[in-house]
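Participant: Just the structure for this:
(chains A, B, C and D)
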Number of protein chains: 2
Amino acid sequence: MPTTSPTQTNGHLVQHAIAVDVVLFTIQDEILKVLLVKRQETPYRGSWALPGGIVSQEESVDAAALRELQEETNIGNIYLEQLYTFGEPNRDPRGRVITVAYYALVNWQQFQLKVRQRVSEASWFPVKRLPPLAFDHRRIVDYALERLRSKINYTTVGFQLLPRQFTLTELQSSYEVILGRRLDKRNFRRKMLQLGILKGTREFQANGRQRPARLYTFTKPKVITLQEKGIIVPF
Amino acid sequence: MPTTSPTQTNGHLVQHAIAVDVVLFTIQDEILKVLLVKRQETPYRGSWALPGGIVSQEESVDAAALRELQEETNIGNIYLEQLYTFGEPNRDPRGRVITVAYYALVNWQQFQLKVRQRVSEASWFPVKRLPPLAFDHRRIVDYALERLRSKINYTTVGFQLLPRQFTLTELQSSYEVILGRRLDKRNFRRKMLQLGILKGTREFQANGRQRPARLYTFTKPKVITLQEKGIIVPF
DNA sequence: TCAAAAGTGTTGTGTGTACACCCATGT
DNA sequence: ACATGGGTGTACACACAACACTTTTGA
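Facilitator: Numbers count the residues shown, from 1 in each chain, chains lettered A, B, ... in the order given. This is a model prediction of the structure:
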C-alpha cells in the first residue's frame, strides 16, 4: 500500500472493501445449474451464496474472480466474463462492500468439485429452483442468466458447456436448456453447420439402442462473436 | 463505518479506492464527441481525462457516477449506463484505484457546460480525434463507443442524443454518426416508422430554403430494448 | 421386428437491400 | 427558375419457420 493515500475527497481517505462473486453455470442431466456454497460465517450463516471473496491488495479484480473460481473447481481455463458491479451501500449488513460479479461456464464432465476447507458445503442447484440466497445474490444470478441467454444468440459461449467432442443433439439440447424453449432440429443443424465453426469427426457416439450420433468438435480456439449473418438463434 | 472491519482475508484488512469515470457522448455538428476535463493534479497533470472522481463512503456507485455527471452538466435525467469495471492493480500510478466506468448520452441543444471550480477546463473532443488521455481512459472510451454502437442496434438509446422533437433526417444522421457509415434513407425511415415508437407532430422545421421537415417525438417514456423483429439497424 | 434417436429437404413468408424520382420551400 | 433537402415504392435475394419421413442401431 502506498504511504500517501491514493485518493481523497474533502480530506477524508475513502476506501472500500471489494468482493468478487461468480455465477458458475453448468448443464447436468439437461438442467442448467449454478454452483452455490453454504456460508460458514455471519451474516447469512448457513445460507447459500455465490462463491466469491475479497479482492486482495495486489491482484487484479479479474484475477481475484479467477482465483475464487479455481478454488472451487479443479479446472484451469474456464470461460469467465465480467457481469456487473453492484455498489449499493447497504447490500452487505457488515458495512460497505462493493462486489464485481462474474459469470462462468464449465462443462459438467470435466468438472471436479474440490471441497474447500473454509467452505463447509458446495452444491449445484437448478437455476429454476434456487434456495434463498444471501445478500443480493439472487439478483446477480438473474442478471447472469439474462446475459447468458442474450450472448448465446450471437456468440459461441454456449460451446463452453460441452465437452471437446459432442453430438449435434447435445449441442441443441444445451441451447434449449439455456433458452428455456424447444428449437427445431433441422433448422438448428443447418444453421450451426453453415456457420463453419464445427468440424465433423469420424467418430460416433453410441447412446443405447438407437442409431449412433456423429461427434463434432468446435474449430475455433476460443469464444467468438458472430457477425453479419452469423447469428445462431434468431431473435 | 462499522467498528468491526467489514472484510478480512488472512487477517488483513483489504480496502481499495473506488473511482467512477464517465464517458459522456454528444453529437454536435454531425460529429460524435466526448467530454474531457484537463487534470489539475498529479499524476497526468495537464492531461485530458474523463470526468470522474472517488466514490464516497455512503453513496452508491451509480449515485457517484450521476453526481459526477451533474457536476459537469446542468441537466438532470441524463441517460447513464454502467460499462465495465477496470481493476488492474497498476492502472493508477498513485496506488490501487479500481474504477467503475459508465457512459452517458446527452443532446447538445439542452446541454449547458458548467465550469467546475476544481476542474480548470472541460471541452468536447471528436471521438475520432482524441488527445492523449490520462490513465487507461483511452481504452475506456473505446469500450464505451463499442457498447454504444452495439446497443444502438437493438435499443432506443440513440434517441437520447436528440431533442424532444426531431426530424427523421436528424435521427438518421445520429445513427450514421454513431455507426460511422451511411444508411439508406428510405429503408431507415420505413424501419423506424414501423417500430411504432415515433409519433409525427403537426409541426415542421424550416431549415433554410428547402422543403420543411416534419417533426417527430419519441412515444416511449424511456430507453427500451426492442425484441423480436424490433431491431433498428440490422447487423 | 420394434423402439428410439439420428439424420435429411422443401416451401411459403417475411425482411433486408438496392435503387430514382417528385415535392415543397426560400432565394 | 433553381437549388436544396424532404419525402416516397418496388423488385429481388435471402433467411427464417414450419413441417414428416427414412436410417441406423441395440434389444
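
Participant: A:G53 contacts A:V61, correct?
Facilitator: No: when contacts are counted by CB atoms under 8 Å, A:G53 is not listed as touching A:V61 (11.7 Å). Bear in mind the C-beta positions are built from the backbone N, C-alpha and C, glycine included.

Participant: ok, those two, which is more surrounded?
Facilitator: Regarding A:G53 and A:V61, a neighbour count based on other CB atoms under 10 Å in any protein chain shown identifies A:V61 as having more, with 22 against 17.

Participant: Would you mind measuring from A:G180 to B:D29?
Facilitator: To B:D29, A:G180 is 47 Å away according to CB to CB, to the nearest Å.

Participant: The two: who's more crowded?
Facilitator: Neighbours were counted for A:G180 and for B:D29 using other CB under 10 Å; A:G180 has more, 11 against 8.

Participant: how close does that one get to B:L161?
Facilitator: Using CB to CB, one gets 35 Å for the distance from A:G180 to B:L161.

Participant: So what's the predicted local confidence for A:N10?
Facilitator: For A:N10, the model assigns a pLDDT of 39.

Participant: same deal with the one 10 residues further on?
Facilitator: Looking at A:V20, its pLDDT stands at 98.

Participant: Could you list every helix and strand in contact with whichever strand or helix holds it?
Facilitator: Using DSSP states H and E, the element containing A:V20 is strand A:17-28. With contacts taken as 3 or more CB pairs under 8 Å, 6 or more residues apart in numbering or on different chains; DSSP states H and E, strand A:17-28 sits against strand A:31-38, strand A:52-54, helix A:61-72, strand A:97-105, helix A:137-151, helix A:168-179.

Participant: So for B:N90, which of those sits nearest?
Facilitator: helix A:61-72 (12.4 Å; CB to CB).

Participant: DNA strand D contacts on chain A?
Facilitator: With CB under 7 Å from any atom of the strand as the criterion, chain A meets DNA strand D at residues A:184-187, A:191, A:206, A:208-212, A:229, A:231, A:234.

Participant: For A:Q165, see how far away A:A104 is.
Facilitator: With distances taken as CB to CB, A:A104 is found 22 Å from A:Q165.

Participant: Could you check which of the two has the larger neighbour count?
Facilitator: Each of A:A104 and A:Q165 has its neighbours counted (other CB under 10 Å); A:A104 has more, 24 against 14.

Participant: Surely the more buried one and A:F25 touch.
Facilitator: Yes: between A:A104 and A:F25 a contact is recorded at 7.0 Å, counting by CB under 8 Å.

Participant: about what we covered before: need the overlap of contacts for A:G53 and A:V61.
Facilitator: Common neighbours of A:G53 and A:V61, using CB atoms under 8 Å, 6 or more residues apart in numbering or on different chains, are A:V20.

Participant: For stretch A:215-229, output the C-alpha coordinates as PDB.
Facilitator: What follows is stretch A:215-229 as a C-alpha-only set of coordinates in PDB (Å, rounded to 0.1, in the frame of the first residue of the first chain):
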ATOM      1  CA  LEU A 215     -19.300 -36.400 -32.900                       C
ATOM      2  CA  TYR A 216     -18.300 -32.900 -33.800                       C
ATOM      3  CA  THR A 217     -15.600 -30.500 -32.500                       C
ATOM      4  CA  PHE A 218     -15.500 -26.800 -32.300                       C
ATOM      5  CA  THR A 219     -12.900 -25.400 -34.700                       C
ATOM      6  CA  LYS A 220     -12.300 -22.100 -33.100                       C
ATOM      7  CA  PRO A 221      -9.800 -21.800 -30.300                       C
ATOM      8  CA  LYS A 222     -12.000 -19.600 -28.100                       C
ATOM      9  CA  VAL A 223     -15.300 -17.900 -27.800                       C
ATOM     10  CA  ILE A 224     -16.000 -15.700 -30.700                       C
ATOM     11  CA  THR A 225     -18.600 -13.100 -31.600                       C
ATOM     12  CA  LEU A 226     -20.600 -13.900 -34.800                       C
ATOM     13  CA  GLN A 227     -21.100 -11.000 -37.100                       C
ATOM     14  CA  GLU A 228     -23.300 -10.200 -40.000                       C
ATOM     15  CA  LYS A 229     -25.400 -13.200 -40.800                       C
END
